[in-house]
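1. Build me a model:
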Amino acid sequence: MSMLFRQCWNKFLPTLSRNSAFESVAAHRSSTRAMSGDMAAPAKVLTMDTLNPCIVKMEYSVRGPLVIRATEIQKQLKEGKQFPFKEVIRCNIGDCHAMEQQYITFIRQVVACCTYPPLMETAGFPADVVARAKKLLGGCGGGSLGAYSDSSGVEVIRKDIASYITRRDGGVKANSDNIMLSTGASDGIKSILKLLRQGDGQTKTGIMIPIPQYPLYSATIAEYDMQQVGYYLNEENKWSLDSAELKRSITEARKVCNPRAIVVINPGNPTGSVLTRQNIEDIVRFANEEGLVVLADEVYQDNVYVPDREFHSFKKVMSEMGGAYAHMELASFHSVSKGYMGECGYRGGYCEYVNFDPDVVAMLRKSITAKLCPSVSGQVTMDCVAAYPVPGDPSYDLWLKEKTNVLDTLKMKAKMTVEMLNSLPGIKCNDVQGAMYAFPQLVFPEKAIEKAKSEGKQPDFMYAWELLEEYGLCVVPGSGFGQKAGTYHFRMTILPPPAKMQDFLKRLKEFHCKFMEKYQ
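-> Numbers count the residues shown, from 1 in each chain. Down below sits the predicted model:
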């Protein structure tokens, strides 16, 4: 490049670069100079020293190094590399359809018709499917699933969800204006947590979360630079919640932060527990006494497997407790990813927020407008969950059969898993009362603990890593969810089909016995 041209280019570049076309030219010229050696490559703006420290701090163990290694092994198996096993069984994440759970025909037919409307005339789908698709498309811009919706979601879908909540809670009214659709429950949870961020030092917002917990919460709290306030669930009493533990937790937390909300996951992830109504009432009283917003993660509300437990929504319990309790701030969350649906990939969910200050609601709605809208396909899927077929509908019998089959199979696998785990030396596991997970405690020989520490590893991580490398089973160490000091666990899903679940448990038993013998 001639000196004259370079001087002219540098003179006019500030003006020209306002135009995007000239920006492209400028980028090309800079790239050419750097490659030709005429100009040194610029220093990186983003490095580990200049990166947002909150991003560095956050962790999400469900997709951590074990999962990365499991993916590598799967690829190597396909390429012909030999391992002591023929396939990796991934029980690390609640991805139902990846584990071959059957889809619900009604949901897929409605989504299909909304995606490609000519199917309503040509596919021979049931009349209620066609009617639903027409209704939902009628609420979409231009009658198309490809249009943006309102930031809070398609109005007709929000109304169906309000009807669902009212029906579920025995007549406790839900208002569609207090419902926002979200990209899975996770997006709704993050939208609410974002509102709570305030202060620094002792005034920094603290969020109470159960230990063990779903890592979305610890990761988001770190990302938003808030303070995690853990309260321990009682493993000795079926992972129940103790009021004295809540009080201990918040008293300690107030020395370093300002607790403003409490998260409750019911049914529990990773514990597989289902809270009693009494437990829920205790939490509500505590939150009212301490001035906390309640965040109720209720995405597993369809997944209850034991006769002495049932799902109670926080909204219903608070309403029935009456008085001040019925006027507490509550945000509750649901999703299409769990339950009997398992439609993780559609990323559909909702949040119902009640008793929020109207000005705060306005700020919440403002904050979500920047995201435009959640997936409209996901919203349609959520509608099919909220407004499911009823007796007399053409789709009802098949819908009920498929739903019952999914839940009965999960119930059977929950029982089978717990029985096998509790038959092994050095493992004890509470009943899987609900959700999709077992969270057994591992009682390690001292030699195993010493070996792990000598390698700079948590003992349950070492256990999980060896399990993957030697037997092709992918689970998540309990240290990724939080656990009491001196205890060790792992989380496994109960999602693989029965034959594969039996294979998983057989391999696990063989590995575990060898592991315990090795370190005795």
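
2. ok, now which ones touch Asp383?
-> Val110, Arg132, Leu136, Val154, Val156, Ile157, Asp160, Ile161 (Cβ atoms under 8 Å, 6 or more residues apart in numbering). Where you see a C-beta, it was placed from the backbone N, CA and C, and this is true even at glycine.

3. Could you rank the residues you listed by neighbour count and give me the top one?
-> Compared across the contacts of Asp383, Ile157 has the highest neighbour count, 29 neighbours, by other Cβ atoms under 10 Å.

4. That one and Val385 touch, don't they?
-> No: using Cβ atoms under 8 Å, Ile157 is not in contact with Val385, being 10.5 Å away.

5. okay, and the common contacts of these two?
-> Joint contacts of Ile157 and Val385 (Cβ under 8 Å, 6+ apart) do not exist.

6. For Ser182, what is the enclosing helix or strand?
-> Taking DSSP states H and E as the criterion, Ser182 maps to strand 179-183.

7. so what strands line up beside that strand?
-> strand 348-354 (antiparallel) (DSSP bridges).

8. need the next SSE after the partner strand, C-terminal direction.
-> Downstream of strand 348-354, the next assigned helix or strand under DSSP H and E is helix 358-369.

9. Now do that next one against strand 348-354: the angle between them, please.
-> Relative orientation of helix 358-369 versus strand 348-354 (axes from the mean of the first three to the mean of the last three Cα atoms, to 10 degrees): 160 degrees.

10. what comes up buried for helix 358-369?
-> Across helix 358-369, burial judged by 16 or more other Cβ atoms under 10 Å covers Leu364, Ile368.

11. following that helix, which helix or strand comes up?
-> Proceeding N to C from helix 358-369, the next assigned helix or strand is helix 376-386, under DSSP H and E.

12. Output that following helix as PDB, nothing but the C-alphas.
-> This file holds the C-alpha atoms of helix 376-386, laid out as PDB (Å, rounded to 0.1, in the frame of the first residue of the first chain):
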ATOM      1  CA  VAL A 376     -43.600 -18.600  19.700                       C
ATOM      2  CA  SER A 377     -43.300 -22.300  19.000                       C
ATOM      3  CA  GLY A 378     -42.500 -22.800  22.700                       C
ATOM      4  CA  GLN A 379     -45.500 -20.700  23.600                       C
ATOM      5  CA  VAL A 380     -47.800 -22.900  21.500                       C
ATOM      6  CA  THR A 381     -46.300 -26.000  23.200                       C
ATOM      7  CA  MET A 382     -47.000 -24.300  26.600                       C
ATOM      8  CA  ASP A 383     -50.600 -23.700  25.500                       C
ATOM      9  CA  CYS A 384     -51.000 -27.400  24.800                       C
ATOM     10  CA  VAL A 385     -49.900 -28.200  28.400                       C
ATOM     11  CA  ALA A 386     -52.200 -25.600  29.900                       C
END
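
13. now it against strand 179-183, angle please.
-> 120 degrees.

14. what's the average pLDDT for helix 376-386?
-> Helix 376-386 shows a mean pLDDT of 97.

15. Tell me where this structure has strands.
-> Secondary structure of the chain (DSSP state E): strands located at 89-90, 179-183, 205-211, 227-232, 258-265, 293-297, 330-335, 348-354, 427-428, 437-438, 441-442, 473-474, 476-477, 488-493.

16. closest to Glu466 out of those strands?
-> Glu466 sits nearest to strand 473-474 of all these, at 10.1 Å, using Cβ to Cβ.

17. The closest one packs against which elements?
-> Helices and strands touching strand 473-474, by 3 or more Cβ pairs under 8 Å, 6 or more residues apart in numbering; DSSP states H and E, are helix 65-78, strand 89-90, helix 459-471, helix 498-518.

18. which of those is buried the deepest?
-> Burial of the helices and strands packed on strand 473-474 is given as mean neighbour count (mean count of other Cβ atoms under 10 Å); strand 89-90 ranks first at a mean of 24.
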